[in-house]
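# sharing a model prediction with you, sequence too.
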Amino acid sequence: MTYCVGLLLKAGMVLLSDTRTNAGLDNIATYRKMFTFERPGERVIAIMTAGNLSVTQTTLARLAEAANDPEACEARSILRAPTMLDVAGIAGEMLSQVMVETTQRMDRMHQSATASLIVVGQRQGGPMRMFLVYPEGNFIEATEDTPYLQIGEHKYGKPILDRVVTADTSLADARKAVLLSMDSTLRSNLSVGMPLDLVVIERDTFAVAEERRIEPSDEAFAAMSAAWSGALREAFTQIGER
């Protein structure tokens, strides 16, 4: 499975994804689920994927091919689209098209497949925007009231986001929030696994400010996980019964 989370804040956007995929207990592999597209100073886009690997890889490959095609029109290329709303529409249309093709093949084998995307970014002259794109190609948008989106195994990492994240959260605290959200998911679901991919985009910079992979041996992540566990245990012991 997968866990991907994105925060849309006044200061910027923070994104985190795992890399585990599995087709059964004995077929586990690592695949990137975070993809970035940039025209520095003009626009920056990031896409996270969850679901059937064939569907998501085909969708991203086609989006990347169109983005790199100098002759692609605004209706096909996410790097030429006039607005982030149009970018979400292009990604949704491509995902829907791939889903239809895949479903037709898998129906003959009495199998099913599904996938979803988180599409985020900003272009010059427009605001930062974040969308959750469904398999059918339709989408919803993050708002100031609910400034985050999740796909995949989201239930374990949701409580901390509900409690601590607002649109005014700093990028530093947002990084901590998504990492602890992922830590909770890693502890509770074996289908989500490291390494992790982290991306930070600052508002109005139109470029990726930070992009790094967090390996299982990462000491800072391990220390944060241990500190969070200790803080939860301490808080638990201090709460009295009534």
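Yes, it's here. These numbers come from a predicted model, not from an experiment.
# so where do the strands sit in this protein?
3-8, 12-17, 20-22, 28-30, 34-39, 43-51, 115-123, 129-133, 139-141, 148-152, 196-202, 208-214 (DSSP state E).
# which one of those lies nearest to residue 100?
When the strands of the chain are compared by C-beta to C-beta, strand 115-123 sits nearest residue 100, at 12.1 Å. C-betas here are computed from N, CA, C, even on glycine.
# which neighbouring elements make contact with the closest one?
strand 3-8, strand 12-17, strand 43-51, helix 53-67, helix 84-107, strand 129-133, strand 148-152, strand 196-202 (3 or more C-beta pairs under 8 Å, 6 or more residues apart in numbering; DSSP states H and E).
# just to revisit the earlier point, most packed of the strands of the chain?
Greatest average neighbour count among the strands of the chain goes to strand 3-8 (a mean of 28), per mean count of other C-beta atoms under 10 Å.
# which other helices and strands contact it?
Strand 3-8 packs on strand 12-17, strand 43-51, strand 115-123, strand 129-133, strand 148-152, helix 171-188, going by 3+ C-beta pairs under 8 Å, 6+ apart.
# list the buried residues for the longest one?
Neighbour-count burial for helix 171-188, with 16 or more other C-beta atoms under 10 Å as criterion, is recorded at 171, 173-186.
# let me know the closest of those residues to residue 91.
Once C-beta to C-beta is applied, the member of the buried residues of helix 171-188 that ends up nearest residue 91 is residue 178, at 21.5 Å.
# what about the residue lying closest to that closest one once chain neighbours are set aside, distance to residue 148?
Among residues not flanking residue 178 along the chain, residue 16 sits closest, at 4.2 Å (C-beta to C-beta, 6 or more residues apart in numbering). According to C-beta to C-beta, to the nearest Å, residue 16 and residue 148 sit 11 Å apart.
# what's near enough to touch the residue nearest to residue 19 when sequence neighbours are not counted?
Closest residue to residue 19 apart from its sequence neighbours, by C-beta to C-beta, 6+ apart: residue 30 at 4.7 Å. Residues in contact with residue 30 (C-beta atoms under 8 Å, 6 or more residues apart in numbering) are 19-21, 193, 195.
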